[in-house]
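K.L.:
sequence and computational prediction follow.
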Amino acid sequence: MKIFKRLLWNALVSSVMSSFVWFAVTFWVYLETRSVIATSVVGGGFAVVSALVGMYFGTFVDHHRKHTAMVVASVAALVCYLVALAHYAVAPDGSLVTVRNLHFWIFVFVILAGSVVGNLRAIALSTSVTLLVPEGDRGRANGMVGTVMGISFTITSVLSGLVVGQLGMGWALIISVVITTLALLHLLTIRVPEEMPEQHDDEERPPAIDFRGAMAIIREVPGLYGLIGFAAFNNLLGGVFMSLMDAYGLSLMSVEAWGMLFAVLSLGFIAGGAVVARKGVGANPMRLILIGNFVNWVMCAVFTLQASIALLGVGMLVWMSLMPMIEAAEQTVLQRVVPFDHQGRVFGFAQTVENAAAPLTAFMIGPLAQLVFIPLMRADGAGGELIGDWFGTGDDRGIALIFTAAGVFGIVATLMARSSRWYREISHHDSEQAPVPVG
């Protein structure tokens, strides 16, 4: 546990920088372009690249030491941030703030790559829970991961809003390079007691992207396909947050205020993770997954009913408080039902499927918001005339209407999952794998 905690704190610093740079570039893109389409393409691009590399990352983790995978992730992120900083310094004036300019997209893509490689570290950390933590404590360990990620959101939100608002994107990159370098040096001092995964002869060397191995294990676990599919559908709807949350928040307040509000709201992430770290995920983590998702989609349906910062704050606080509980429960189920030497590939497959879903929404919602829903909810639009007297009118209300619709779809999907066959199968299989309580 001492080694796991050192890895966890190192992951905190690294994930802060990964999220910080990504939040910063998202804020910066919207503030410079005022284009919802641009932010949706940027957010969708992140999910697309994450989906494309998910299986590669998972296979890499299974075939290498977990510590090695974390080092590779940190080195790759540092290189990307250095390249982005160099590009920022030498790009022609105005080229980085013009959506149609190639320099803009090269700059965004390099930062995107540096942030996406953090997924490799996340998969390695999830498998390290199985490697380093006794089975009965893994639910709480996953809660610790959630707490650390909540702290990451808090720090990230404050830093991104303040740095972009007061210092600019250049300083955001300088900070990321310095802190990522320090985190890498610390990671190199950690020694993890782990044997090298079994090596294969050249003619038997497994593929770099081992879909077959992942699928074989998933087929053996009753209901696992359903769990992954349910998570993917939630991510499909979650693409709305990826595309529009920053635009909606920034339509109500300044970037500094939005960053500070996000920091306060992310305390819910810390609180939810802390509860799981102390109490675990209970005897039936699948039930926790469904209840958490149901409550979150109810919040999604109502927190944009009025253009209210208070309503937005309450809804997002509930959402963030439940997310680490849901994630910890999912991780615990997978760690129980999937053999350790295949966990990287299964986590990678799940990441691929889930991340492939979100950009479908992200890429569609941006143009739909800009071209359909925003005009619809203006005072002279059909939606504004129909429900504007109580829902409100304006560009931000067009975005709000999309959140409400996504929440309704999420509620229906969760109720359907509760009565599904896959839910009963994986709940039963997970109960058979759960450790027997002591005392």
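P.N.:
Here it is on my side, so go on.

K.L.:
give the next helix or strand downstream of whatever helix or strand residue 225 lives in.
P.N.:
Using DSSP states H and E, residue 225 sits within helix 224-252. Using DSSP H and E, the helix or strand that follows helix 224-252 towards the C-terminus is helix 255-265.

K.L.:
what helices or strands is that next one leaning on?
P.N.:
Here helix 255-265 touches helix 2-33, helix 138-162, helix 224-252, helix 309-337, going by 3 or more CB pairs under 8 Å, 6 or more residues apart in numbering; DSSP states H and E. The C-beta positions use only the backbone N, C-alpha and C, and glycine is treated the same way.

K.L.:
mind putting these into a markdown table with mean pLDDT, mean neighbour count and distance to residue 381?
P.N.:
Output for the helices and strands packed on helix 255-265, formatted as a markdown table (pLDDT from 0 to 100; neighbours: other CB atoms under 10 Å; distance: least, CB to CB, whole Å):
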| stretch | mean pLDDT | mean neighbour count | distance to residue 381 |
| --- | --- | --- | --- |
| helix 2-33 | 81 | 21 | 23 |
| helix 138-162 | 71 | 23 | 31 |
| helix 224-252 | 81 | 22 | 17 |
| helix 309-337 | 85 | 22 | 22 |
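
K.L.:
for residue 88, find the nearest of these.
P.N.:
Shortest separation from residue 88 across the helices and strands packed on helix 255-265 is recorded for helix 2-33, at 10.5 Å, computed as CB to CB.

K.L.:
averaged pLDDT, the next helix or strand after the closest one. What do you get?
P.N.:
Using DSSP H and E, the helix or strand that directly follows helix 2-33 along the chain is helix 36-63. Over the span of helix 36-63, the pLDDT mean works out to 76.

K.L.:
stretch 412-420 too?
P.N.:
For stretch 412-420, mean pLDDT rounds to 91.

K.L.:
equivalent analysis for stretch 185-193, please.
P.N.:
For stretch 185-193, mean pLDDT rounds to 88.

K.L.:
distance to residue 396 for the helices and strands packed on helix 255-265 - can I get that in CSV?
P.N.:
Formatted as CSV, the helices and strands packed on helix 255-265 follow (distance: least, CB to CB, whole Å):
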stretch, distance to residue 396
helix 2-33, 13
helix 138-162, 19
helix 224-252, 4
helix 309-337, 10
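
K.L.:
any idea which of these gets closest to residue 284?
P.N.:
The nearest among these, by CB to CB, is helix 309-337 at 9.1 Å.

K.L.:
to residue 390, which of the helices and strands packed on helix 255-265 lies closest?
P.N.:
Between residue 390 and the helices and strands packed on helix 255-265, the tightest spacing by CB to CB is seen for helix 309-337, at 13.7 Å.

K.L.:
any idea how far the helix holding residue 225 is from the middle of the chain?
P.N.:
Offset of helix 224-252 from its chain centre (CA atoms, centre = their mean, to the nearest Å): 9 Å.

K.L.:
ok, now stretch 163-175?
P.N.:
23 Å.

K.L.:
buried residues, that stretch. List them.
P.N.:
By neighbour count on 16 or more other CB atoms under 10 Å, the buried set for stretch 163-175 is 163, 164, 165, 169, 172, 173, 175.

K.L.:
ok, for the fourth one, nearest residue in space, not its chain neighbours?
P.N.:
Spelled out, it's residue 169. Leaving aside its sequence neighbours, residue 169 sits nearest to residue 28 (CB to CB, 6 or more residues apart in numbering; 4.9 Å).

K.L.:
wait, which of the helices and strands packed on helix 255-265 is closest to residue 120?
P.N.:
Nearest to residue 120, of those and by CB to CB, is helix 2-33 at 10.8 Å.

K.L.:
ok so, going back, how far away is the residue nearest to residue 169 from residue 137?
P.N.:
Residue 28 sits at a distance of 41 Å from residue 137 (criterion: CB to CB, to the nearest Å).

K.L.:
so residue 275: helix, strand or coil?
P.N.:
helix (DSSP: H, G, I helix; E, B strand; the rest coil).

K.L.:
how far away is it from residue 267?
P.N.:
The gap separating residue 275 from residue 267 is 13 Å, by CB to CB.

K.L.:
ok, now residue 57?
P.N.:
As judged by CB to CB, residue 57 and residue 267 stand 30 Å apart.

K.L.:
name the residue in the two with the higher neighbour count.
P.N.:
More crowded of residue 57 and residue 267, by other CB atoms under 10 Å: residue 57, with 28 against 16.

K.L.:
my guess is that one meets residue 119, correct?
P.N.:
Yes - if you go by CB atoms under 8 Å, residue 57 and residue 119 touch, sitting 5.8 Å apart.

K.L.:
any chance of CSV for the buried residues of stretch 163-175, columns distance to residue 311?
P.N.:
Listed next are those as CSV, based on distance: CB to CB, whole Å:
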residue, distance to residue 311
163, 28
164, 26
165, 24
169, 31
172, 30
173, 35
175, 33
